[in-house]
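1. Sequence first, predicted coordinates after that:
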6 protein chains.
Amino acid sequence: MFSITVRDHVMIAHSFRGEVFGPAQRLHGATFVVDARFTRAELDADNIVVDIGLATSELGAVLAGLNYRNLDEVPEFAGVNTSTEFLARHIADLLAQRVHAGALGEGARGLSGVAVTLHESHVAWASYERAL
Amino acid sequence: MFSITVRDHVMIAHSFRGEVFGPAQRLHGATFVVDARFTRAELDADNIVVDIGLATSELGAVLAGLNYRNLDEVPEFAGVNTSTEFLARHIADLLAQRVHAGALGEGARGLSGVAVTLHESHVAWASYERAL
Amino acid sequence: MFSITVRDHVMIAHSFRGEVFGPAQRLHGATFVVDARFTRAELDADNIVVDIGLATSELGAVLAGLNYRNLDEVPEFAGVNTSTEFLARHIADLLAQRVHAGALGEGARGLSGVAVTLHESHVAWASYERAL
Amino acid sequence: MFSITVRDHVMIAHSFRGEVFGPAQRLHGATFVVDARFTRAELDADNIVVDIGLATSELGAVLAGLNYRNLDEVPEFAGVNTSTEFLARHIADLLAQRVHAGALGEGARGLSGVAVTLHESHVAWASYERAL
Amino acid sequence: MFSITVRDHVMIAHSFRGEVFGPAQRLHGATFVVDARFTRAELDADNIVVDIGLATSELGAVLAGLNYRNLDEVPEFAGVNTSTEFLARHIADLLAQRVHAGALGEGARGLSGVAVTLHESHVAWASYERAL
Amino acid sequence: MFSITVRDHVMIAHSFRGEVFGPAQRLHGATFVVDARFTRAELDADNIVVDIGLATSELGAVLAGLNYRNLDEVPEFAGVNTSTEFLARHIADLLAQRVHAGALGEGARGLSGVAVTLHESHVAWASYERAL
């Protein structure tokens, strides 16, 4: 099994609802350093998993939709706790759509899975992985 | 599949028995930077894998039992090579007990696995993962 | 010259005023991984710069005043761009007060300087250093 | 499941063929920080996965065959795009040969898999994993 | 004293002349992870050292002149050992020119110094710092 | 001003005397990830600060004297708190001796300073710098 991973980041504000979150129920924020991993069983005709340049630019495009935003005011997230793990799935799902739409190149249709990790600090991170 | 990971560290002394260990047969020590990863198939009612605050405090509680100790003098480890990989399992098993005892919250009973990685330096680390 | 550095982090929301900030004029947020470095010319009677445990707990106490807050609503910061470099000075000044108040121990009165670095992502950070 | 991972690095020149590579079609180079992970279901008689010292020296021996070379001139790679993911497999396969030849010790014959990750920068890396 | 630092990277091929370089006399390559630090005594009217976005784009522009190149064939470097420390100075000098030309904004004319660090691996890096 | 830095590590056991150390008064241990930085005003005839290979091997030779040892039993350290900052100076002084003895090459006699940083965990480190 092969994979490539690219890294970018996003800076957002949000708050949580639920006693378990303690002081994080207040409006606060986070930098998420985001790793997107793409996997496949065999390399494509160019001997790669997917073009690292395209993977990087598509991850950037997905993150641009979140960057410098207060997630509490994003209609799509109304009533949702935008936890680190929830956002990992959100980003992975958007990347999957782009793979299926051909945005990562025709060869990328051979990808078998995508995993997204969001580092919220040097001591905590969350991941979500799914099939393509 | 979702996961969250939290990081802490512990500083211990120990020695090894067996020619394979060379100079590490002498009493020496290590800082282990410890990553504990918790996994589950679906998020809980709060949209999380497990509370990162609770995960961090429980990992800290488990490590407190090892911290600033000479493992050669811990009765539980008598006659055992307390290798990095052995300690990864030891910590994972203690975290599993705490999950089962409800210490990570009722929602944490939906966790499916735990993995522990101990970084013994910038160039070597060991992991153990198990089901819950 | 000797120094010790300890690391912690803080998660905040804020916005900026000024065209130079582009989309960061919107309410967003950041995780700041914070390094506090203490310097002195000679070690104290215990052969240390300052107790790492005390330095860590005092840094944590200073950061608690910022953590999980929207800095736009903190009266002390009214009308101020709470840039990464501004916050580095803010934290350094609070640490200096604590050193002078004896909170880092009597030996810490021999410290000559403090420097604070805030990492806002894996690709950008800011620092401020001052005498004590 | 247990694993240990060791890290080393290699510095090479190469070029790529194919439009997808853009400016990387020119002769350029890379530092690859290389992580080799060895896995097994149970620890051996010494309570380890494999000796970290041996794993490190064998990884170093494999990398010595690539280090400070222009891969475009290595006969074995003639006509091949020596992508990061391709090199991850190349190194994993050479490590597998060494495990089978007994170079990592008799106990290492109980290893079940090897995975190799090559970090080409702070924002991109590739992996290959295989059974032993 | 304040500073901000931004990070990018560049991938090049080159060779060295001189016995001290041993096998690095052969054509090989490197990824340099490049940190550019800008310093000044007081913050500007926006409460910053220099705009992090501009600093990042200007660093990227400087690195674009080196990226994916064989430095042995760059006329400007003819007969020169393009060591990590030499390249740190080269990049710092180009950044200094851009500061003086106003490319980092009018406020950046208040900068007092620039320092550039090139990480050639996880175990070696070089720096150069100069006044502005 | 130019510098190069090389990294290695050492694993030791020790204990501290003095109430300030709390539980660290017990025999415990640490991995120290050690960075040695060498500085000079101008590059040498080979266009370098000092040979990175020689700097790495000399740092390794200095650390070999400490590695896998219980520092409480090293006669040279009798009655001394072998704090992280103390060890940083100890290692810097040994490197300075080697520079003066010519072990880092004749060109290294032009070095102006050495600084040593010991990372005792991901959240604490200590440094010592001196002239040569």
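-> Looks like it arrived, so ask away. Residues are numbered from 1 along each chain as shown, chains lettered A, B, ... in the order given.
2. Just want the most central residue of chain A.
-> A:Ile91 (3.2 Å; C-alpha atoms, centre = their mean).
3. Touching, that one and A:Val62? I think so.
-> Yes: under the criterion of C-beta atoms under 8 Å, A:Ile91 makes contact with A:Val62 at 5.8 Å. Bear in mind the C-beta positions are built from the backbone N, C-alpha and C, glycine included.
4. check which helix or strand covers the closest residue to chain C within chain A.
-> Going by C-beta to the nearest C-beta, chain C is nearest to A:Gly29 of chain A, at 1.0 Å. According to DSSP states H and E, A:Gly29 maps onto strand A:28-40.
5. what's the answer for A:Asp44, then?
-> Using DSSP H and E, A:Asp44 falls outside every helix and strand.
6. measure it to chain E for me?
-> Counting by C-beta to the nearest C-beta, to the nearest Å, the gap between A:Asp44 and chain E amounts to 21 Å.
7. so what's the backbone phi/psi at the residue in chain A positioned nearest to chain F?
-> As assessed by C-beta to the nearest C-beta, chain F sits closest to A:His122 within chain A, at 6.6 Å. Torsion angles at A:His122 (phi, psi; degrees, to the nearest 10) stand at phi -80, psi -10.
8. Apart from its neighbours in sequence, what residue is nearest it?
-> Nearest residue to A:His122, sequence neighbours excluded (C-beta to C-beta, 6 or more residues apart in numbering or on different chains): C:Val33, at 5.1 Å.
9. Surely that neighbour touches C:Ser121?
-> No: if you go by C-beta under 8 Å, C:Val33 and C:Ser121 don't touch, sitting 9.3 Å apart.
10. need the strands for chain A, in chain order.
-> Assigned by DSSP state E, the strands in chain A fall at A:2-14, A:28-40, A:69-70, A:113-121, A:124-131.
11. what about those strands, which gets the closest to D:Leu54?
-> Set against D:Leu54 and scored by C-beta to C-beta, these come closest in strand A:2-14, at 26.4 Å.
12. Can you point out the buried residues in the biggest helix by length in chain A?
-> The single longest helix within chain A, with elements called by DSSP state H, is helix A:84-100. Residues of helix A:84-100 classed as buried by neighbour count (16 or more other C-beta atoms under 10 Å in any protein chain shown): A:84-92, A:94-96, A:98-99.
13. Of all pairs in these, which one is the farthest apart?
-> Top of the distance list for the buried residues of helix A:84-100 (C-beta to C-beta): A:Thr84 and A:Val99, 22.6 Å.
14. ok so, going back, can you redo the buried residues of helix A:84-100 as JSON lines with pLDDT and distance to F:Ala13?
-> Compiled in JSON lines, the buried residues of helix A:84-100 are given as follows (pLDDT from 0 to 100; distance: C-beta to C-beta, whole Å):
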{"residue": "A:Thr84", "pLDDT": "98", "distance to F:Ala13": "38"}
{"residue": "A:Glu85", "pLDDT": "98", "distance to F:Ala13": "39"}
{"residue": "A:Phe86", "pLDDT": "98", "distance to F:Ala13": "44"}
{"residue": "A:Leu87", "pLDDT": "98", "distance to F:Ala13": "43"}
{"residue": "A:Ala88", "pLDDT": "98", "distance to F:Ala13": "40"}
{"residue": "A:Arg89", "pLDDT": "98", "distance to F:Ala13": "45"}
{"residue": "A:His90", "pLDDT": "98", "distance to F:Ala13": "47"}
{"residue": "A:Ile91", "pLDDT": "98", "distance to F:Ala13": "45"}
{"residue": "A:Ala92", "pLDDT": "98", "distance to F:Ala13": "44"}
{"residue": "A:Leu94", "pLDDT": "98", "distance to F:Ala13": "50"}
{"residue": "A:Leu95", "pLDDT": "98", "distance to F:Ala13": "47"}
{"residue": "A:Ala96", "pLDDT": "98", "distance to F:Ala13": "50"}
{"residue": "A:Arg98", "pLDDT": "97", "distance to F:Ala13": "52"}
{"residue": "A:Val99", "pLDDT": "97", "distance to F:Ala13": "51"}
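15. Pull the number of nearby residues for A:Ala131.
-> Applying other C-beta atoms under 10 Å in any protein chain shown, we find 9 residues neighbouring A:Ala131.
16. who touches it in this structure?
-> Counting by C-beta atoms under 8 Å, 6 or more residues apart in numbering or on different chains, A:Ala131 touches A:Ser112, A:Gly113.
17. And it, how far from chain D?
-> For A:Ala131 relative to chain D (C-beta to the nearest C-beta), the value is 17 Å.
18. what does A:Pro75 give?
-> 31 Å.
19. Just the pLDDT for that residue.
-> Note on A:Pro75: pLDDT of 97.
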